[in-house]
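[1] Take a look and give me a structure for this.
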Amino acid sequence: MNIAYRWFLGYDLLTKLPHFATISYAFTTRFSSEVFEQIFSWILEEADKRTINL
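    Got it, this is the predicted structure:
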């Protein structure tokens, strides 16, 4: 991981980082696909408001 990311997240160089899939796995086991759709729709709406081209 980039040192800047470690600094931003509060990790030092010797701290073992969590696996990248940990958050997505925890999220998918707790929430239904409907929640994912709502979040994704909200993200797209916010991007559209800010005229971010995706």
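
[2] who touches the worst-scoring helix or strand of the chain on mean pLDDT?
    Here the helix or strand of the chain ranked lowest by mean pLDDT, DSSP states H and E is helix 21-30, holding a mean of 77. Applying CB atoms under 8 Å, 6 or more residues apart in numbering, the contact partners of helix 21-30 are residue 36. Bear in mind the C-beta positions are built from the backbone N, C-alpha and C, glycine included.

[3] count of residues packed around residue 6?
    Neighbour count of residue 6, defined by other CB atoms under 10 Å: 14.

[4] what's in contact with the helix or strand where it lies?
    Applying DSSP states H and E as the criterion places residue 6 in helix 3-9. Helix 3-9 is touched from outside by 12-13, 15, 17, with contacts defined as CB under 8 Å, 6+ apart.

[5] shaky segments in the protein?
    Low-confidence regions of the chain, defined here as pLDDT under 70, cover residues 1, 52-54.

[6] Against residue 5, how distant is residue 20?
    12 Å (CB to CB, to the nearest Å).

[7] ok, now residue 31?
    Distance of residue 31 to residue 5, given as CB to CB: 25 Å.

[8] farthest residue from the center of the chain?
    The centre of the chain is farthest from one residue, residue 14, which by CA atoms, centre = their mean lies 23.0 Å away.

[9] name the element that residue belongs to?
    Using DSSP H and E, residue 14 maps to neither a helix nor a strand.

[10] swap in the one 4 residues further on?
    Secondary-structure element containing residue 18, defined by DSSP H and E: none, the residue being outside all helices and strands.

[11] Right, I'll call it a day here.
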